[in-house]
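> here is my input, please return the structure:
(one chain, ligands or ions: 1)
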Amino acid sequence: MRQLVVAARQDGEGRRHGAAMRFRSSSLLALRTLLSGRPPARREIEAFRDARLRELVRHAWERVPYYRRLFGRHGITPRDIGGVADLAAIPTTSKKTLQALPAEDLLARGVDAERLVAHRTSGSTGLPFTVRRTWLEERVLNAFRWRALRTFGLRATDRRVYVGISRPLDPRNDRLPQRLLHRLGFRPHTIVDCHQPVEAIVRQICEVHPDVIAGLSGALWRVALSASAAERRLLRPRFVYAAGEVLTPEMRRQIGQALAVPVYDAYGSHEFNLIAWQCAQTGVYHTCDDLLVVEVLADGKPVAPGERGELVGTSLHSFAMPFIRFRLGDIVTKGTEQCACGQPFSTIRAIEGRMHDFFPLPDGRVVLPSAIVGILVRHAPWLGEYRMIQETMERIVLRAVPLFAPSVAEIGRVRGMVESYLGAGVRFEVELLAEIPPDPGGKTRLSRSLVSPIYDGLDWSALS
Ligand SMILES: [Zn+2]
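Okay, the predicted model is just below:
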C-alpha cells in the first residue's frame, strides 16, 4: 500500500491521496483483527465487506483501466455499489480475458510495477498468468493464512516443511521485517522440491524433523505411501496440511493412516491467496469471508446450499491489481451461511479444483506434470490454456491454445527440452487448438494420465 500512498502524493491530487490513506487504514484494521487471534463477529465481517467493496469499486473505477472500461460499458459507477448485495451488477471477468491484456491495463495507475511482488503462476491452473501485489498486500494475505493454520494447531516457532514447487525468492518479497522475525525464531518453512525422486523428498523431510508437513496434495500422498516404517517413526509431525491441488477423501485417509496424524486441507489460488480452510470440527471448509467475497454461480445465478457451481471471487485486500468478480474456474459445492462449529464464516462443502495425475515413465521415474509445465512456462511464452494427457507410457500430448502463433522451430525447441527431461523413448507432442472444450462435468483435469489415473471414478457426491 505504501507505493499507492507515495504515488498518490506524487500525483498531487488530494482526493486520490485521501483514497490511498483509507486503503491503508482499513488494511491496518484487518491486521489488528488478525493479530488478536480471535475471529471477528459475523456482523463485523459483513460491515467490513460492504465498506471495503465500496472502496475497491471506486478505486478500480478511478485508477484501473480494465475496470474503468468494463464499468463504462455496463453503465456502472461507484455510486451503484453500496455493498456486497449490489455486487451482482458488475459483470464477471474470466482469467482468459485478463491473460490477454497488458499488465498496465490491470494495475492501478500510479503503482510502480517494478516494485510489486510478481507471482507468475506455474501454470498449474491451466492458464499461465502473472499476479502482482505490493509487499504489504502480501503480508496482509499471508496473515489470513496464518490465522487459518493456527486453527489447525500451528505455532509460530514450529519447524515446517513445504513439499512443492521450489522457486527463487523474489527480492521484492523479502524485506527487513521478515528477516528480523526469522532471526527472532519465527521460522520460515523449508521448501522441498516435489520434482525430485520421492526417496530424496522423504530423506530431506526427515532431515528437517518437522513439526508440521505441508505441500501439494499429490506430493504428500506419494511421500506418505513411500516412506519406510523407520522413516515414518522419524517423521512425527503434529499435523499435515495439503494445499494447491484436490485432496480426495481417500488420499486424506491414506496420508493420515500412514503418518498417524490429522490431515487438513487449505484451498487457495495465486489470485486470492487463501480462499477457504478446513474446519477441524466439522470437516467442511470455512470461507475466508474477510479476505474475499465468494460467490458460487451456475448459469450466472447464485446456487443454493448443497448445489454445485463455479467459484467467483472478489478480493478485499488487492488494490494494486484488483480482482472483482473473478471467475476462478473451480467448481465447488456451496455450504451453509455459517459453520455449525460456531465460527462466523460461511462454508464450502466440497472443492473440485485442480487435478493433476502423475506420469510414470519407462525408466521407472514418476514425474509430476508441473515439472513439464515449469519448462513450458519458462520457454514457451506463447502457452495459453492447456491440457496435458499421458496416452501411453511413451507418449504425452500437450493440447494448447496459443496466445500468439509460435513458429515450427519454437515448438520444436520446447519439445526437445521436454523430451530430454522425460528421457529416451518418450515422445512429447504439441497440438495447437483454437479452443479447449470444457472438461465433462465442469471438472478441471489439467494433467491426466491414462496409464496411472488418480482421480478417475472419484465420486464427488461422497465429498459433499
Ligand atoms: Zn467450522
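> specify the local secondary structure of residue 324.
coil (DSSP: H, G, I helix; E, B strand; the rest coil).
> spatially nearest residue to it (excluding sequence neighbours)?
Leaving out its chain neighbours, the residue that sits closest to residue 324 by Cβ to Cβ, 6 or more residues apart in numbering is residue 314, at 5.1 Å. C-beta: built from backbone N, CA, C; applies to glycine.
> and for residue 202?
residue 227 (5.0 Å).
> from what I can see that neighbour touches residue 236, true?
No: counting by Cβ atoms under 8 Å, residue 227 stays clear of residue 236, with 11.8 Å between them.
> neighbour count winner among those two?
residue 227 (22 against 12; other Cβ atoms under 10 Å).
> give me the residue from the stretch 1-150 of the chain nearest the ion.
As assessed by Cβ to the ion, the ion sits closest to residue 39 within the stretch 1-150 of the chain, at 10.3 Å.
> where does residue 406 fall, phi/psi-wise?
Dihedral pair for residue 406: phi -80, psi 150, per degrees, to the nearest 10.
> low-confidence ranges in this structure?
Within the chain, the stretches with pLDDT under 70 are 1-34, 37, 121-128, 166-188, 353-355, 438-445, 453-464.
> contacts only, for the residue positioned nearest the centre of it.
Nearest residue to the geometric centre of the chain (Cα atoms, centre = their mean): residue 269, 1.4 Å. Residue 269 sits next to 125, 275, 313, 328, 330 when contact means Cβ atoms under 8 Å, 6 or more residues apart in numbering.
> wait, the third one touches residue 275, no?
Yes: the pair residue 313 and residue 275 qualifies as a contact (Cβ under 8 Å) at a distance of 6.7 Å.
> and the two? Which one has more around it.
Remark: of residue 313 and residue 275, residue 275 carries more neighbours, 26 against 23, as counted by other Cβ under 10 Å.
> one step back: make CSV from the contacts of residue 269 and add secondary structure to it.
Shown next, in CSV, are the contacts of residue 269 (three-state DSSP):
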residue, secondary structure
125, coil
275, strand
313, strand
328, strand
330, strand
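> would you quantify the distance from the residue of the stretch 151-300 of the chain found nearest the ion to residue 348?
Nearest residue of the stretch 151-300 of the chain to the ion: residue 279, at 3.0 Å (Cβ to the ion). Counting by Cβ to Cβ, to the nearest Å, the separation of residue 279 from residue 348 is 10 Å.
> coming back round to it: now list whatever residues contact both of residue 313 and residue 275.
Joint contacts of residue 313 and residue 275 (Cβ under 8 Å, 6+ apart) are 269, 292, 294.
> once you drop chain neighbours, what's closest to residue 406?
residue 382 (4.3 Å).
> hang on, the one you found packs against residue 403?
Yes: with contact defined as Cβ under 8 Å, residue 382 and residue 403 form a contacting pair (5.4 Å).
> tell me the spacing between residue 161 and residue 205.
Distance from residue 161 to residue 205, by Cβ to Cβ: 5 Å.
> between these two, tell me which one has more neighbours.
residue 161 (26 against 23).
> give me the common contacts of residue 161 and residue 205.
By Cβ under 8 Å, 6+ apart, the residues touching both residue 161 and residue 205 are 192, 213.
> what does this structure put close to the ion?
Proximity of the chain to the ion, by Cβ under 5 Å from the ion, involves residues 279, 282, 339, 341, 343.
> now for those: which two are most distant?
Across the residues of the chain next to the ion, the longest distance by Cβ to Cβ is 9.4 Å; it joins 282 and 343.
> list buried residues within the residues of the chain next to the ion.
Buried residues within the residues of the chain next to the ion, counting neighbours by 16 or more other Cβ atoms under 10 Å: 279, 282, 339, 343.
> for the ion, what's the nearest residue on the stretch 351-464 of the chain?
Closest point on the stretch 351-464 of the chain to the ion, by Cβ to the ion, is residue 351, at 15.4 Å.
> now for that residue: which residues touch it?
Contacts of residue 351 by Cβ under 8 Å, 6+ apart are 246, 267, 276, 285, 330, 332-333.
> how about a cut-off of 10 Å?
246-247, 265, 267, 275-276, 278, 285, 311, 330-333, 460, 463 (Cβ atoms under 10 Å, 6 or more residues apart in numbering).
> tell me which of these fall in strands.
265, 267, 275-276, 278, 285, 311, 330-333 (DSSP state E).
> show me how far the helix or strand that residue 389 is a member of is from its chain's centre.
Element membership of residue 389, judged by DSSP states H and E, is strand 383-392. For strand 383-392, the separation from the chain centroid amounts to 20 Å (computed by Cα atoms, centre = their mean, to the nearest Å).
> do stretch 43-54 as well
When distances are taken as Cα atoms, centre = their mean, stretch 43-54 is centred 23 Å away from the chain's centroid.
> same question for stretch 79-93.
Distance of stretch 79-93 from the chain centroid (Cα atoms, centre = their mean) equals 24 Å.
> what about the helices in this structure?
Ranges of helices within the chain are 2-11, 14-36, 42-63, 65-73, 95-99, 103-106, 135-152, 176-183, 198-208, 217-226, 229-234, 249-259, 369-379, 408-422, based on DSSP state H.
> count of neighbours near the residue lying closest to residue 256 once chain neighbours are set aside?
Nearest non-adjacent residue to residue 256, counting by Cβ to Cβ, 6+ apart: residue 263, 4.5 Å away. Neighbourhood size, residue 263 [other Cβ under 10 Å]: 25.
> show me what residue 263 is bridged to.
Beta-bridge partners for residue 263, by DSSP bridges, are residue 240.
> any idea how far residue 429 is from it?
Relative to residue 429, residue 263 is positioned 37 Å away (Cβ to Cβ).
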